[in-house]
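In: okay, predicted coordinates and the sequence, questions at the end:
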Amino acid sequence: MYRYLIILMLWASGHVCAHEFTPTYPELKPSYVAGVLSATMTLFNARDDVEYYEFGVFDAEWNKVPFAIQNKIMRFKHLEKKKVDIYIREKDSKDAVYICSKSKLLVDGGSKTSIISRICSKIK
Amino acid sequence: MFSKTSILFGTLMTFCLFVNAEEMEVVGNVESKCVVTPDTAGVYGNPTPDVLSSDPTDGGVDPVVRFDVIQASLYKARISHPISFSEAPTLNDTVVWTGDTATSQVSDTSMSGYDAAKVEFDNVTEFSLTVAGSTWFKTETQADYGYGKAFPGGVYRAVVSAECIAI
């Protein structure tokens, strides 16, 4: 009985407030625009305390690398899973190492959380 | 009562039903990933007028965050304790911040070496997630205000940053 209860609690906790960003090692592929590469990432927002995520591309020293995306900050409703296309110029792709997603808290303090989560994938 | 033909026909129909049964497959894909789950929201206790502390002995609650990795040695956890308030009343004096991050629970006994191998710099603590499974990290944080000054009344918030970085 207790075993099922623990499994149920773990299942619930894993599905209520987690942040997932995949794949771990995305590959940059040619996009429909000449000279621009793209990678498709998937974000799953299982955090019920966060609705907005910011995306960024960084080099090995954590400096920002220019990139294009539909919106740098995007809204993900609770339990929503979306694919996100990241576009990087071919000339910048040599510097790009990490693609990151970061949870955003509300400025007015209305967020129910005190923890920012950030997951970074490494470009192949 | 039934002719041989109708019995034969019935048998054939039953056989056809079995033969036409659809095959269904279940497909799964296990991919490497890191899942970050805030487990416990932190609360500051106010044991003395000039101290805000998340230590349970000071009346606080340490924030806890869980990292789940499907495959070993592909990610590192980087946890930063706060060095400023994200929300606070106006403060006229300096705040000195201290903090510490450590494992509070592990799903695999071989994760017990995480604390000994952790790397600390500035307000950051890094752990190599060398074992697949779940690890809970607890961050203790304390803010000391001025020199024996009391924190002004109001709401204080600070943010812990939990990062999972592919190696």
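Out: Now that the structure is in, tell me what you want to look at.
In: grab the nearest non-local neighbour of the spatially most central residue of chain A.
Out: Central residue of chain A (Cα atoms, centre = their mean): A:Ser101, 3.1 Å from the mean position. In space, and not counting its chain neighbours, A:Ser101 is closest to A:Phe21: 4.6 Å by Cβ to Cβ, 6 or more residues apart in numbering or on different chains. (Glycine included, C-beta is placed from N, CA and C.)
In: so the residue nearest to the centre of chain A is in which element?
Out: Using DSSP states H and E, A:Ser101 sits in strand A:98-104.
In: give me the low-pLDDT residue ranges for chain B?
Out: With pLDDT under 70 as the threshold, chain B has low-confidence stretches at B:1-21.
In: need the residues of it near chain A, please.
Out: For chain B, the contact set with chain A under Cβ under 8 Å from any Cβ of the partner chain comprises B:31-39, B:41-42, B:63, B:65-66, B:68, B:74-75, B:86-87, B:155, B:157-167.
In: just the ones of those in strands?
Out: Among the residues of chain B next to chain A, the members falling in strands (DSSP state E) are B:34-39, B:65-66, B:68, B:75, B:86-87, B:157-158, B:160-166.
In: now those: which count as buried?
Out: Using 16 or more other Cβ atoms under 10 Å in any protein chain shown as the burial test, these include B:34-39, B:65-66, B:68, B:75, B:157-158, B:160-166 as buried.
In: which residues of chain B fall in strands?
Out: Applying DSSP E to chain B gives strands spanning B:34-40, B:51-53, B:64-69, B:75-80, B:85-87, B:95-106, B:119-121, B:124-129, B:133-145, B:157-158, B:160-166.
In: export those to a markdown table and tack on distance to B:Ser112?
Out: Shown next, in a markdown table, are the strands of chain B (distance: least, Cβ to Cβ, whole Å):
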| stretch | distance to B:Ser112 |
| --- | --- |
| strand B:34-40 | 19 |
| strand B:51-53 | 27 |
| strand B:64-69 | 15 |
| strand B:75-80 | 15 |
| strand B:85-87 | 33 |
| strand B:95-106 | 7 |
| strand B:119-121 | 17 |
| strand B:124-129 | 12 |
| strand B:133-145 | 10 |
| strand B:157-158 | 29 |
| strand B:160-166 | 20 |
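In: give me the number of residues near the residue nearest to A:Ser101?
Out: With neighbours defined by other Cβ atoms under 10 Å in any protein chain shown, the count for A:Phe21 comes to 29.
In: and the contacts of the one helix or strand it maps to?
Out: According to DSSP H and E, A:Phe21 maps onto strand A:19-22. Strand A:19-22 has contacts (Cβ atoms under 8 Å, 6 or more residues apart in numbering or on different chains) with A:41-47, A:50, A:53, A:100-101, A:103, A:117, A:119-121, B:31, B:33-37.
In: with stretch B:43-54 instead?
Out: Stretch B:43-54 has contacts (Cβ under 8 Å, 6+ apart) with B:42, B:55-56, B:58-63, B:139-146, B:148-151, B:156, B:158.
In: change it to 6 Å
Out: Stretch B:43-54 is contacted by residues B:42, B:58-62, B:140-145, B:148-150, B:156 when judged by Cβ atoms under 6 Å, 6 or more residues apart in numbering or on different chains.
In: ok, these vs chain A, which is closest?
Out: Taking Cβ to the nearest Cβ as the measure, B:Gly42 is the one of those closest to chain A, at 5.1 Å.
In: and the closest residue to the closest one other than its chain neighbours, what does it touch?
Out: Among residues not flanking B:Gly42 along the chain, B:Pro63 sits closest, at 3.2 Å (Cβ to Cβ, 6+ apart). By Cβ under 6 Å, 6+ apart, B:Pro63 lies in contact with A:Ser114, A:Ile115, B:Thr40, B:Gly42, B:Thr139, B:Val160.
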